[in-house]
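Q: fold the following, please.
(one chain, ligands or ions: 1)
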Amino acid sequence: MKLTTKILIGLMAGIGIGLVLGGSSQIATTYIAPFGTLFLNLIRMIIVPLVLSSLVVGAASMGDVKKLGRVGGKTILFYLLTTAIAVTIGIVLGNLFKPGAGITLLQDVTVEAKPVPPLVDTLLNIIPSNPLKGLVEANMLQIIAFALFIGIGITSVGEKGRPLLSFFDSLAEVMYKLTSMVMSLAPYGVFALITPVVAQNGPSVLLPLGKVILAVYIGAIIHSIIVYSSLVKFVAKMSPLKFFKGISPAATVAFSTASSAGTLPVTIKSAKENLGVSNSIASFVLPLGATINMDGTALYQGICALFVAQIYGIDLSLAQQVSIVLTATLASIGTAGVPGAGFIMLTMVLTSVGLPLEGSALIAGIDRILDMARTVINVVGDGAVAVAIAATEGELEEVNNKSKKTART
Ligand code: ASP
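A: Residues are numbered from 1 along each chain as shown. As a prediction, this is how the structure comes out:
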């Protein structure tokens, strides 16, 4: 049986057993959840060395700094564009669905705003004054910057830089291998992750906010069908069906872990082996995407901002809605690829248009369910952009699904 099928069975079994255990979610959290944490830790263990090594290899294998600049520029452009479209879809759905109409805030809770850090500080902070500290603290933006600098250095040094490149290349290969090994445990890991989520968020928690959940899930489907299908079809001439099938292992892991950083090893593996993205493009575009490209998060923030406005009966002007598009696009860049990060950044979006933060307290209860959908979109979006960039660089290989081969540079 194929691994993807096994993972899906694990997912379904988790949902089924979670529903059965609904009344006594204690069993799920005490006895089943630790296995999910174990699986997540195994994946997390791989992230930092993988991002560092694969980005160094990706940047260095561009061959020259000019190509690196070109591919980098294109990648960021695609990422920003798809994210802005995602928030817009979110806002349109929020206007159409009116998920907050008829709901009144019951709890009297205070939510702390995440202060918007000054732009200069954010930018300055990307360059690590101590790269080892960045690595230890898993500060992904700093790791990306450091890796890009090493990659550029290797390219400029020439012959003498080769041994260092071989070292990182070898480290990346070992990390890919470890990913495969950890992934063979995925069916059990996914089962253990999903069971407690379903047991704790049974139908009683979900129903009152059903419209928000529905809007986020429908938005996710619309965004995938319109934006990603067109991207792979028109830019890469790849059948969308083939794309979604190829990226599905990463999507399944994203759904159950709600972490795009955690899914990164699987995303890289799927893009290379199932979609034919070259090693150099995959190892450059995907780690970047797992950190800065969050279409699902932006879409969710659009819907939630309207939800909060509606429960307070506030009408948002067009200018305010445009401001949501801008802030959510920027906020999603700063969102870490870990569970729940998008919810924290939501407070920033609400503050930007002067909406009461307390409104987000209602969302908190169902956030995990929304997080699973938005993480899938975050990850699938990275994959679609990787395919598009690879195609424009002539680095997309034809993959025969029967005899899978790993694309190499
Ligand atoms: N969990 C999301 C991710 O890892 C981020 C978010 O919370 O929106 O992609």
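Q: next secondary structure element downstream of the strand or helix carrying residue 90?
A: Using DSSP states H and E, residue 90 falls within helix 65-97. Counting by DSSP H and E, the next helix or strand C-terminal to helix 65-97 is helix 119-126.
Q: so who does the residue in the stretch 1-150 of the chain positioned nearest to the ligand touch?
A: Closest residue of the stretch 1-150 of the chain to the ligand, C-beta to the nearest ligand atom: residue 140 (11.0 Å). The way it works is simple: take the backbone N, C-alpha and C, and place the C-beta from them, glycine included. Shown in contact with residue 140 (C-beta atoms under 8 Å, 6 or more residues apart in numbering): 51, 261, 290-291, 336-337.
Q: can you check residue 345 too?
A: 114, 297, 301, 331-332, 334-335.
Q: now it: how far from residue 255?
A: From residue 345 across to residue 255, the span is 20 Å (C-beta to C-beta, to the nearest Å).
Q: return the backbone torsion pair for the residue in the chain that the ligand sits nearest to.
A: Per C-beta to the nearest ligand atom, residue 342 is where the chain lies closest to the ligand, at 2.3 Å. Backbone torsions of residue 342, given as degrees, to the nearest 10, read phi -60, psi -30.
Q: looks like it contacts residue 302 (just checking).
A: No: using C-beta atoms under 8 Å, residue 342 is not in contact with residue 302, being 11.5 Å away.
Q: and the helix holding residue 90, what does it pack onto?
A: Contact analysis of helix 65-97 by 3 or more C-beta pairs under 8 Å, 6 or more residues apart in numbering; DSSP states H and E lists helix 140-157, helix 210-223, helix 279-292, helix 295-311, helix 318-334, helix 367-392 as its packing neighbours.
Q: let me know the pLDDT of the residue of the stretch 1-150 of the chain closest to the ligand.
A: On pLDDT, residue 140 comes in at 76.
Q: numbering from 557 from now on, please.
A: I'll keep to 557 as the first residue from here, and by that count the last item is residue 696.
Q: the ligand contacts on the stretch 707-856 of the chain?
A: Applying C-beta under 6 Å from any ligand atom, we find that the stretch 707-856 of the chain lies next to the ligand at 814-816, 850, 853.
Q: got any ranges where the stretch 707-856 of the chain has weak pLDDT?
A: In the predicted model, the stretch 707-856 of the chain carries pLDDT under 70 at residues 759-764.
Q: re the thing from before, which one among the residues of the stretch 707-856 of the chain next to the ligand gets closest to residue 757?
A: In terms of C-beta to C-beta, no member of these lies closer to residue 757 than residue 814, at 12.6 Å.
Q: so that closest one makes contact with residue 928?
A: Yes: using C-beta under 8 Å, residue 814 is in contact with residue 928, at 5.3 Å.
Q: count of residues packed around residue 680?
A: Neighbours of residue 680 under the rule other C-beta atoms under 10 Å: 10.
Q: contacts only, for residue 749.
A: The contact partners of residue 749, taken as C-beta under 8 Å, 6+ apart, are 570, 589, 592, 595-596, 812-813.
Q: change it to 6 Å
A: Counting by C-beta atoms under 6 Å, 6 or more residues apart in numbering, residue 749 makes contact with 592, 812.
Q: can you tell me the element residue 901 falls in?
A: Counting by DSSP H and E, residue 901 is found in helix 897-908.
Q: count the neighbours of residue 818 for me.
A: Look at residue 818: counted by other C-beta under 10 Å, it has 26 neighbours.
Q: for it, helix, strand, or coil?
A: At residue 818 the chain is in helix, as set by DSSP: H, G, I helix; E, B strand; the rest coil.
Q: may I see the residues of the stretch 707-856 of the chain next to the ligand arranged in JSON lines, with distance to residue 647 as well?
A: JSON lines is the format used below for those (distance: C-beta to C-beta, whole Å):
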{"residue": "814", "distance to residue 647": "23"}
{"residue": "815", "distance to residue 647": "26"}
{"residue": "816", "distance to residue 647": "22"}
{"residue": "850", "distance to residue 647": "16"}
{"residue": "853", "distance to residue 647": "14"}
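Q: just the buried ones from those residues?
A: The neighbour count (16 or more other C-beta atoms under 10 Å) marks 814-816, 850, 853 as buried among these.
Q: tell me how many other residues surround residue 914.
A: Using other C-beta under 10 Å, residue 914 has 17 other residues around it.
Q: tell me the pLDDT of it.
A: Confidence score, pLDDT, at residue 914: 78.
Q: also residue 866?
A: Reading off the model, residue 866 has pLDDT 89.
Q: ok, now the one 5 residues further on?
A: On the pLDDT scale, residue 871 is placed at 87.
Q: any weak-confidence spans in the stretch 857-965 of the chain?
A: 956-965.
Q: ok, which residues in it are in contact with the ligand?
A: Proximity of the stretch 857-965 of the chain to the ligand is confined to 891, 893-898, 927, 930-931, 934 under the rule C-beta under 6 Å from any ligand atom.
Q: from these, pick the one nearest residue 867.
A: residue 898 (19.2 Å).
Q: identify the residues contacting the closest residue to that closest one other than its chain neighbours.
A: The spatial neighbour of residue 898 that comes closest, neighbours along the chain excluded (C-beta to C-beta, 6 or more residues apart in numbering), is residue 853 at 3.9 Å. Residue 853 sits next to 888, 891, 898, 930 when contact means C-beta under 6 Å, 6+ apart.
Q: ok, residue 853 to residue 574 distance?
A: Remark: distance between residue 853 and residue 574 (C-beta to C-beta) = 24 Å.
Q: now do residue 715
A: Using C-beta to C-beta, we find residue 715 at a distance of 57 Å from residue 574.
Q: please say which of these two ends up with more neighbours.
A: Comparing residue 715 with residue 574 by other C-beta under 10 Å, the one with more neighbours is residue 574, at 22 against 6.
Q: which helix or strand contains the more buried one?
A: Here residue 574 sits within helix 559-577, counting by DSSP H and E.
Q: check which helices and strands that helix sits against.
A: Judged by 3 or more C-beta pairs under 6 Å, 6 or more residues apart in numbering; DSSP states H and E, the packing partners of helix 559-577 are helix 742-756, helix 796-813.
Q: try it again at 10 Å.
A: On a contact count with 3 or more C-beta pairs under 10 Å, 6 or more residues apart in numbering; DSSP states H and E, helix 559-577 meets helix 581-583, helix 718-739, helix 742-756, helix 796-813.
Q: give me the three-state assignment for the closest residue to residue 735 other than its chain neighbours.
A: Nearest non-adjacent residue to residue 735, counting by C-beta to C-beta, 6+ apart: residue 821, 3.7 Å away. When classified by three-state DSSP, residue 821 comes out as helix.
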